[in-house]
Every structure is written in C-alpha cells, then in structure tokens.
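S.K.: this is a predicted model, with the sequence first.
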Amino acid sequence: MNTLLEVSGVSKTFDGFKAINNLSFAIGQAELRAVIGPNGAGKTTFMDIVTGKTRPDEGTVRWGDLGTSLTRMSEARIAREGIGRKFQRPTVFEDQSVEENLVMALRNRRGPIPALFYRRSDADMDRVRELAAQIGLKAELARRAGELSHGQKQWLEIGMLLAQEPRLLLVDEPAAGMTLDERQHTTNLLKEVAKTRAVVVVEHDMDFVRRLDCRVTVLHEGSVLAEGSIDHVTRNPRVIDVYLGR
Amino acid sequence: MFLRRHPHLLVFLSLLALFTLGVTLLSEAMGTGALTTSFTKILGQTLCLCLIAIAMDLVWGFAGILSLGHFAFFGLGGYMIGMWLMYERTRLIVEPSLLAQALPPTAQEVQDAIAAQIFGVVGASELPAIWTFAGSLPAQLALVVLVPGLLALVFGWLAFRSRVTGVYLSILTQAMTLALALYLFQNESGLRGNNGLSGLQNIPHASNVSQAWISLWFVWGSALALAIGYVLATWIVSGKFGSVIRGIRDDEARVRFLGYPVETYKLFVFTLSAVMAGIAGALYYPQAGIINPAELAPVASIYLAVWVAIGGRGRLWGAVLGAASVSLVSNWFSGGGAPDVTILGYTIAWVSWWQVMLGLGFVLVTIFAPKGLSGLVDLMLVRRDPSRGDAAVGRDDGSLRDAEEAR
C-alpha cells in the first residue's frame, strides 16, 4: 500500500492524562477509513495532532511520498500541504454567501497580496458551481451561509474541504444532527470523494459507519484497539467489552 | 465598474464632494464668513477623525481586532509632521538674524540656534537625534508613514505571533499607547515633554497666506485623504482579502485550517490601518495647532472605538458617520454650545455631563442597536434582514436525532 500519512509512536499528555498513548496509524493514497471509539479515546486529539493544532510529546507524523514531518509545521502550512479538516459543529462563515465561502476555500495562493489582487476567473467560478452541484447547494450560491439548514451547512463545509483539493480529509462526525436522507447523501458523498483521495471519518454512530463500508480503526485510551472490516472489529471481544457492550 | 459594484462609494464620494464644496463656498476665505475660520478648522479635523475611524473599522469591524491604541499611531503621525513645521518655522525666524552678523553662520551654528529656540522651554539646547531629518519635509512626510507603520509592525508581530487575541490584545494596545504617552511626557524624550509641539498652524513659507485660506487648504487635503482612504478601504474589504479577514473575525481557527496564514493577514491589516491613522494625524494636528502627549492618552483610543461602535462597525460609512456625528456633537457640548439645564435646583452643565451622556449612549447603542447609527439608515431605506418568523437559525426539528431514534 502506498502510504499517504503515517503516524507512529505518537503520545500526548494533557496535565498527566494520556490522551494519546503510543498511537500508530497509517492511511493510503485513496482510502476511506472510519475511526471509532468511546468518548475520551483520543479521536479528536489524534486529528489535532495531524492538523498541527496540538504538538505531540513524542512520535512522528510523516506525510506524502517524501515522508515530510508534520510535527513542526503550522496549521496553515499543513492545510496547504493538502490536509483538510471538518469540525464536528458546522463551521462555515455565516456572514458570507455560499459562493464567498467556496471561493475562499478554492485552492489558490493564500498570502495577503495574492488575495488582495485576486480576481474570480471563469475556471474558478466553474469549479465553484461544480462543487455547489456536488454538495446540492447549486441553488443557494447567493444565499448567506447563516441562513442554511444545519445539514446544508455541513455539506457546505464538506464542499469547502473539497475546494481546497486536499489529499487527505479528516472529517469529524459528519452526520451529527442530520436527517436520514441527509445522512444517506453524506455517505455517498464521502464514498465518492474517497475514490481519489484519503478520507478519515471520525464517527460515533455505528449504523453510519456500517454504511460507509470501509476499514475501521477502533481507538481506546489513546491507542489502536483493533483494525479491520466493520464485521471484524464488531466481533472482537475487546471492542465489545470497551465500546459496544456499554 | 468598481463604482457600480459598490453603490455606497458613489454616494459617499458625492456627499464628501458636496460637503467640501459647501465649506469652501461658505468659508471666510471666500469672503462670505458664514463659517468662521476656527469652525472650518474643526470641520477639517473632523474629516481626519473620519479617516482614522475608517482605519479603526478596518481593523476592528472587519478583522475583529479591537485595537484600543490607534491614537498612538495618530499622534505619532502628528508628531512627525509637527517636527518639520516647528523646525522649519524656527529656522526661517532664526536664520535671517544670524545672517545679519558679520561672520556668516556655519550649519552647526544655525542648528544650535534653532535647537535653543525649540528646546529652551525644556531646558535643553541640543537637537536630539530624532530631529535629524526635521529640516527635510520629504523625510518627515516619509516618517509620518514609516514610524506608525513600523511600530504597528513590531507590536503586531509580537502580539499576533503569540496568538494574543480578544480582550487581552485590547489591553495590550492600551498599554502600548499609555507607555508611549508616558514616554513622551518626559522632557528627555526629545519631543518637548508635556509642552508638546506648538504653533503648528503656522505653515512655513506661507506666512503671507491668511489662516482662513490655510484652514481651507487643510479641509481640501483632509477631504482628499478621506476619499482616497475610503476607496482604498472599500477595495480591500470587497474582494477575497475582505472575505478572509471577515472570516478571521468570525472564526480564526477555521481560516487557519483553510491554509491561510492568519497572523500575516492580521499584521497586514493592523499595519495598514496604523499607517492610515498616522496620515490622518499628520493632517489633523496642523489644524489643531498643537500636539502634546495627552493626545495619546488611552481614553482617546477608547473614544475612537465608541465612535465606530455608535456609527456601526463592519461598514465603512457607518464608521465615518459615527466619527463625524459624535465628534461634532461632542465639540458642541464640550465647547459650551448647549445651554445648561436646571432641573430641581441642580444645574446640568453639559460641558461635564456630556461625557456621561456619551458613555450612556454607548451602552444603549451596544444593547439596543448593534448596528449603530447605520442601522437607522437601514430602517429609513427599508433594508432589513429577511424575516425568518419564529424559526430559529440553525438545525430544524427534522435534523434532531432524538426524534428519529424514538421512532
């Protein structure tokens, strides 16, 4: 397997609490992966470490073909390397239109001067419309993001992630607060996206994970408890013990 | 084309042009005398305050950085131009008398004579090092931009790099302006301590021009600077850059995860607005005639925030509206324009009560009219946010998982 991201031997302690304990994790270039685990298993800290929000106490995070280390990079730099992150609560810029949100996320030069002289090219706007169609918001381009429904905001955020053209997407509970229909749509979207890039989905909802139909990594107390297909991990007695049994 | 996309630009520029024309026609210089020279100066100063309000709105209303130290930059701009004004005027007075002597004076002697004139008041007679370029107008004009800009750059770099945000940053900017004011109060600062720089209304090489005309020149200059500042700010906030800084205001972390170097953007906006403030100050103080360290007092910068809040932050014309109306009304009250009112034997002297009113006004606006005066303009133009009835913004019932699970 051609590895895109390799986390090895990472530990992180907060005030004596070991949030991540010698965690190792790897994901390929085009792969969909679900990460599950009970509260406090270290799912969010894991994402924080990969995206540069938290610096690990020890261990390495290697990225891409060159095996670049991510542990010293700033969040913005890591994002430019091609790692996109979707937060649990939808965080879109509510004050701005759907279009502005997407334009801001489009893969372009990020410095202040290029942004100052940025002009919307036809190619960029085509891409925005294409993305809007993909996330089902084509008719809402001119609306303010704050007016969208909860599910639509989640999609807009996924759309913004896609606009960044990341090689790895970290998605935190994408289906939280969605209706059944919306969840189905989200599942399809994620599966589609994972054909060309790596997607890591952190999720609580086992039904949703089952529908994703992908490899599952179970975290517990900051390290990997089990890994494999959903049927494989749900049969694992230790997983049942710490997670499903409750 | 740019104008068509920003209709408020056309309205603003037309009103500003009309205002300038009106002041010109009514000014003493034109002979009508409907506006006294001193009032013309106040109007010119108000235009400068509008310019710094735009700078404040850029940094606060758009980028979400509540700077409570912008008058430090304003004051520094004033000091920089004031140095040239004082030096050059003193030179013009001192030089002829020296030239009258039998031996022609050396450059050093001229400089010493100028220094003795300027610094006699603080008991010094040497020209401090910071006055090195005071004899050159282009150099001091460059410093009007460079000094506030560099201070903002260094301060901002330190603060933003350490991710100081919110109220902590505001306190830090207060500390900055206070420290600068206290430093300038010292006679050793080289800027005449608490005397400040005075006589700035007398423009060198223009002694044969009446103050009436000079006041008019400054109204034109200030109006031009305000117009340019407004257009520049509009351009900055309208494009993708504007999108990014508003994003930073609303959710800094999210912008960071989009790959934007948030600190660089903040530094850019902060420095740019400091430069605008410096230019505004350089135009303001020749009209005020005097600058002293009290101008940099922390409360001055707080007033600036109050003006922008009352006008309506996040909108450039709102900031201008706030600065113009509050500072003019403030002038009227504190200048004794309002007659004292006696209620139940207690006489309300507006000169001192005005401050209380202003504070109350600020609290009321913050609570009841978050959009400030610009919100009133919206009401007049019947431009309201779309009504959602009672529906909450956010998730609807269908998206609540509990209901689904119950089924």
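M.R.: Received it, and whenever you're ready, just let me know what you need.

S.K.: when you work out contacts or count neighbours from here on, use the C-alpha atoms and nothing else.
M.R.: OK.

S.K.: ok, and what's touching stretch A:212-232?
M.R.: Residues outside stretch A:212-232 that contact it (CA atoms under 8 Å, 6 or more residues apart in numbering or on different chains) are A:18-25, A:32-38, A:40-43, A:187, A:191, A:209-210, A:233, A:236, A:238-239, A:242.

S.K.: show me what counts as buried in that stretch.
M.R.: A:212-227, A:229-230 (16 or more other CA atoms under 10 Å in any protein chain shown).

S.K.: likewise for stretch B:368-387?
M.R.: Using 16+ other CA under 10 Å as the test for burial, stretch B:368-387 gives B:Ala369, B:Pro370, B:Lys371, B:Gly372, B:Leu373, B:Ser374, B:Gly375.

S.K.: relative to B:Ser334, which of those is nearest.
M.R.: Distance to B:Ser334 across these (CA to CA) is lowest for B:Leu373, with 21.5 Å.

S.K.: wait, a strand at A:Glu227?
M.R.: Yes. Per DSSP: H, G, I helix; E, B strand; the rest coil, A:Glu227 lies within a strand segment.

S.K.: now it: how far from chain B?
M.R.: 28 Å (CA to the nearest CA, to the nearest Å).

S.K.: so what's that residue bridging to?
M.R.: Beta bridges link A:Glu227 to A:Thr217, judged by DSSP bridges.

S.K.: re the thing from before, and the buried ones among the contacts of stretch A:212-232, selectable in ChimeraX?
M.R.: A single ChimeraX command selects the buried members of the contacts of stretch A:212-232 (16+ other CA under 10 Å):
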select /A:18,19,20,21,22,23,24,25,32,33,34,35,36,37,38,41,42,43,187,191,209,233,239
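
S.K.: narrow the contacts of stretch A:212-232 to those in strands?
M.R.: Counting by DSSP state E, the contacts of stretch A:212-232 place A:18-25, A:32-36 in strands.

S.K.: pick out the most distant pair among the residues you listed.
M.R.: Across the ones in strands among the contacts of stretch A:212-232, the longest distance by CA to CA is 27.4 Å; it joins A:Lys18 and A:Leu32.

S.K.: how about stretch B:352-366: buried residues?
M.R.: Across stretch B:352-366, burial judged by 16+ other CA under 10 Å covers B:Trp354, B:Leu358, B:Phe362, B:Val365, B:Thr366.

S.K.: closest one of those residues to A:Ile78?
M.R.: Using CA to CA, the buried residues of stretch B:352-366 come closest to A:Ile78 at B:Thr366, 39.0 Å.

S.K.: the closest residue to A:Glu173 other than its chain neighbours: neighbour count?
M.R.: Nearest residue to A:Glu173, sequence neighbours excluded (CA to CA, 6 or more residues apart in numbering or on different chains): A:Glu203, at 4.8 Å. A count of neighbours around A:Glu203, defined by other CA atoms under 10 Å in any protein chain shown, yields 22.

S.K.: ok, now A:Ala139?
M.R.: By the measure other CA under 10 Å, the count of residues near A:Ala139 is 11.

S.K.: wasn't it part of a strand?
M.R.: No. Read with three-state DSSP, A:Ala139 is helix and lies in no strand.

S.K.: show only the entries of the buried residues of stretch B:352-366 found in strands.
M.R.: Among these, no member falls in strands (DSSP E).

S.K.: so which of these is the closest to chain A?
M.R.: B:Thr366 (19.2 Å; CA to the nearest CA).

S.K.: from B:Gly375, how far off is that closest one?
M.R.: Taking CA to CA, to the nearest Å as the measure, B:Thr366 falls 12 Å from B:Gly375.

S.K.: so where's the stretch 251-400 of chain B shaky on pLDDT?
M.R.: Residues of the stretch 251-400 of chain B meeting the criterion pLDDT under 70: B:382-400.

S.K.: where do the strands sit along it?
M.R.: Under the criterion DSSP state E, counting those that start in this stretch, the stretch 251-400 of chain B contains strands at B:290-291, B:341-343, B:346-348.

S.K.: about what we covered before: make JSON lines out of the buried residues of stretch B:368-387 and add distance to B:Glu95.
M.R.: Formatted as JSON lines, these follow (distance: CA to CA, whole Å):
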{"residue": "B:Ala369", "distance to B:Glu95": "58"}
{"residue": "B:Pro370", "distance to B:Glu95": "57"}
{"residue": "B:Lys371", "distance to B:Glu95": "56"}
{"residue": "B:Gly372", "distance to B:Glu95": "54"}
{"residue": "B:Leu373", "distance to B:Glu95": "53"}
{"residue": "B:Ser374", "distance to B:Glu95": "53"}
{"residue": "B:Gly375", "distance to B:Glu95": "57"}
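
S.K.: show me which of the residues you listed neighbour chain A.
M.R.: Among the buried residues of stretch B:368-387, no residue is within reach of chain A (CA under 8 Å from any CA of the partner chain).

S.K.: go through those residues and flag which are in helices.
M.R.: Counted as lying in helices by DSSP state H, out of the buried residues of stretch B:368-387, are B:Leu373, B:Ser374, B:Gly375.

S.K.: so where do the strands sit in the stretch 101-250 of chain B?
M.R.: Counting by DSSP E, counting those that start in this stretch, the stretch 101-250 of chain B has strands at residues B:197-198.

S.K.: for chain A, what's the nearest residue on the stretch 1-150 of chain B?
M.R.: Closest point on the stretch 1-150 of chain B to chain A, by CA to the nearest CA, is B:Phe62, at 11.4 Å.

S.K.: what's the local residue count around that residue?
M.R.: Counted with other CA under 10 Å, B:Phe62 comes out at 24.

S.K.: need the contact list for the most centrally placed residue in chain A.
M.R.: Residue closest to the mean C-alpha point of chain A, counted by CA atoms, centre = their mean, is A:Leu170 at 1.6 Å. By CA under 8 Å, 6+ apart, A:Leu170 lies in contact with A:Met47, A:Ile83, A:Gly84, A:Arg85, A:Lys86, A:Val199, A:Val200, A:Val201, A:Val202.

S.K.: switch the cut-off to 6 Å
M.R.: A:Leu170 makes contact with A:Arg85, A:Val200, according to CA atoms under 6 Å, 6 or more residues apart in numbering or on different chains.

S.K.: let me know the helix or strand that the nearest residue to B:Ala113 once chain neighbours are set aside is in.
M.R.: Spatially, and ignoring its direct neighbours in sequence, B:Ala113 is nearest to B:Val94 (6.8 Å; CA to CA, 6+ apart). Following DSSP states H and E, one finds B:Val94 within helix B:70-99.

S.K.: quick check: buried residues in that helix?
M.R.: Buried residues in helix B:70-99, counted by 16+ other CA under 10 Å: B:70-91, B:94-95, B:98.

S.K.: residue ranges with poor pLDDT in chain A?
M.R.: A:1, A:244-246.

S.K.: name the residues of it found near chain B, please.
M.R.: With CA under 6 Å from any CA of the partner chain as the criterion, chain A comes near chain B at residues A:Ala76, A:Ala79, A:Arg80, A:Arg110, A:Pro112, A:Ala115, A:Leu116, A:Ser149, A:His150, A:Gly177, A:Met178, A:Thr179.
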